[in-house]
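J.: predicted model follows, preceded by the sequence.
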Amino acid sequence: MDKLLEVNELTKQYSQGNVIARVILTAADHVSFYIKPAEIFTLAGESGCGKTTTAKIVLGFEEATSGTIVHNGKPQTRKEKVWITEGVQAIFQDPFSTFNPLRTVDSYFHETVQNFKLARTKQEAIDHIDKKLRLVGLSYQEFAGKYPNEFSGGQLQRISIARALVTDPKLIIADEPVSMVDASLRMSIVNLFKKLRDELGVSILYITHDLATAYYVSDRIAIMFRGNIIEMGSVEQVLMNPRHPYSKLLRDSIPQADPKLRWTSTVTLSELEQEEYLRRGCKFAGRCPEVMDICKGVVPADLSVDGVLVKCHKYSDTQKG
Ligand SMILES: Nc1ncnc2c1ncn2[C@@H]1O[C@H](COP(=O)(O)OP(=O)(O)O)[C@@H](O)[C@H]1O
Ligand SMILES: [Mg+2]
C-alpha cells in the first residue's frame, strides 16, 4: 500500500442565497488526489476555492455530496470518521480558537493522553507530552499551568502542532497553519513540517494560499480554482514551469519582497466568486488571458501533460497527438 490517503471524486455542494434566489454552488467538484507516506502534499489556491471544504470532509467534519475518502486502504464511513482516529490529526489557522481561553493548554494534552490510553501514570504522561513539545522547540516545564493568552501566536501554533503529535499520527491535515503567524516565524513552522516528514515519516496535507511556503515544503502540489483541481504534479513542475494559465498567473503574482501583496490581495475579486463558481465551461474563462471559444461552454478534461495533470483546453491537442 503506497497511498496513505486517497480522495476520489470528492464533491460537495452548498446551497447559498435565500428562498427567492437560491443557488447551488459546487465548492468541491470531483476533487481527486492521494498522499503517500512521508510526503507533504499541498492544496493551494486563493481564498474561496474550496480548500477548507475539502479538508473538512477528509476530517469527517462535513459530509460529502458524493465521492470517497480512503485512509490506509479503508474507506471512510459515516460512523468511522478519519479525524477521530489516532492516525490523523488536524491543525487550523487560528491557534487561539483551537484552545479555550479558560483552560490551561496542558489540560488538552493530558486529555488526549487519557482518551487514547497513552500512559499509565501521571509521570509517564508528562514524559510523553514533553517529548512532543521538544519536537517543536518547547518543553513541559515552560508550558504547564499556562493559559492560551500567555503564549504568542507563533508559540501557540507550535503547541497545537505538538498536541497533534501526541497520538503519533501518520497524517496531519494543516489548514492555513501559518496565515496568522508573523511572516518572520512562518518558515520556522513549515520547517517543522519538513522535520516531521523526514524524521518521523509523517505525511502532511498542507493547505495554503501562500505559494512561497508551498514551494518551500511541498513534494507534490495541487492548485485549486473554484472547486476544481486545475493543475497537479511535483512542486518543481507546477510552480517552476506552470502549464495552466491560472497557475501562471498565481506564480507571477507573488511579489517577492512585500508579503502584504501576496496573491490573495492582488487576484481576489470576491464579487466574482459566485459568478465564477456558476460558470458553465472552464471556471477561469472570465479571467484567462489565453481564453478560447470552447472554454466558455465546455468544461475541460483532466489532461496529463508531461506527467502533470492540467485541466485546460489549451492542451487537448497535446494529449491526442
Ligand atoms: N457552509 C457553507 N454554506 C454555503 N457555502 C459555503 C459553505 N462553506 C463554504 N462555502 C462556499 O464554498 C466556497 C469554498 O469555500 P472554502 O472551502 O472555505 O474555500 P477556501 O478554504 O479555499 O477559502 C466559497 O464560495 C464559500 O462561500
Ligand atoms: Mg479556507
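T.: That came through fine. No experiment lies behind these values; they were computed from the predicted model shown. Ligands and ions are numbered 1, 2, ... in the order given.
J.: give me the below-cutoff pLDDT ranges for the stretch 151-300 of the chain.
T.: 254-271 (pLDDT under 70).
J.: what residues does it put near ligand 1?
T.: By Cβ under 6 Å from any ligand atom, the part of the stretch 151-300 of the chain that sits against ligand 1 consists of Glu273. Where you see a C-beta, it was placed from the backbone N, CA and C, and this is true even at glycine.
J.: how about the strands in the stretch 151-300 of the chain?
T.: Assigned strands in the stretch 151-300 of the chain, in chain order: 171-175, 203-208, 220-225, 228-234 (criterion: DSSP state E, counting those that start in this stretch).
J.: so for Ser152, which of these sits nearest?
T.: Closest to Ser152 of the strands of the stretch 151-300 of the chain is strand 171-175 (Cβ to Cβ; 18.7 Å).
J.: can you dump the C-alpha atoms of that closest one in CSV for me?
T.: Below are the C-alpha coordinates for strand 171-175, written out as CSV (Å, rounded to 0.1, in the frame of the first residue of the first chain):
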residue,chain,number,x,y,z
LEU,A,171,-1.1,12.1,8.7
ILE,A,172,-1.5,15.8,9.7
ILE,A,173,-4.0,18.0,8.0
ALA,A,174,-3.0,21.6,8.3
ASP,A,175,-5.4,24.2,7.0
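J.: and that strand, which strands flank it?
T.: With DSSP bridges as the test, strand 171-175 is paired with strand 88-91 (parallel), strand 203-208 (parallel).
J.: with respect to burial, which of these scores highest?
T.: strand 203-208 (a mean of 26; mean count of other Cβ atoms under 10 Å).
J.: neighbouring contacts of that one?
T.: With contact meaning Cβ atoms under 8 Å, 6 or more residues apart in numbering, strand 203-208 is reached by 4-5, 35-44, 51-52, 54-55, 58, 170-179, 190, 193, 196-197, 214, 217-218.
J.: which of the residues you listed come close to ligand 2?
T.: When contact is defined as Cβ under 5 Å from the ion, those meet ligand 2 at 51-52.
J.: hang on, the earlier thing: would you format the strands of the stretch 151-300 of the chain as CSV with distance to Pro242 included?
T.: Output for the strands of the stretch 151-300 of the chain, formatted as CSV (distance: least, Cβ to Cβ, whole Å):
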stretch, distance to Pro242
strand 171-175, 23
strand 203-208, 16
strand 220-225, 8
strand 228-234, 7
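J.: quick one: which of those strands is nearest Thr65?
T.: Short answer: strand 228-234, nearest of those by Cβ to Cβ, at 14.8 Å.
J.: so which bits of the stretch 51-200 of the chain are right by ligand 2?
T.: Within reach of ligand 2 by Cβ under 5 Å from the ion, the stretch 51-200 of the chain has these residues: 51-52.
J.: all helices of the stretch 51-200 of the chain, in order?
T.: Applying DSSP state H, counting those that start in this stretch to the stretch 51-200 of the chain gives helices spanning 51-59, 95-98, 105-115, 122-135, 140-143, 153-165, 183-200.
J.: tabulate those helices (CSV), appending distance to Ile24 and mean neighbour count.
T.: Listed next are these as CSV, based on distance: least, Cβ to Cβ, whole Å; neighbours: other Cβ atoms under 10 Å:
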stretch, distance to Ile24, mean neighbour count
helix 51-59, 14, 23
helix 95-98, 29, 17
helix 105-115, 38, 18
helix 122-135, 43, 17
helix 140-143, 46, 15
helix 153-165, 34, 23
helix 183-200, 36, 16
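J.: roughly how far apart are the nearest residue to His244 once chain neighbours are set aside and Asn18?
T.: Computed as Cβ to Cβ, 6 or more residues apart in numbering, the closest residue to His244 that is not its neighbour in sequence is Glu231, at 4.3 Å. For Glu231, the distance to Asn18 equals 35 Å [Cβ to Cβ, to the nearest Å].
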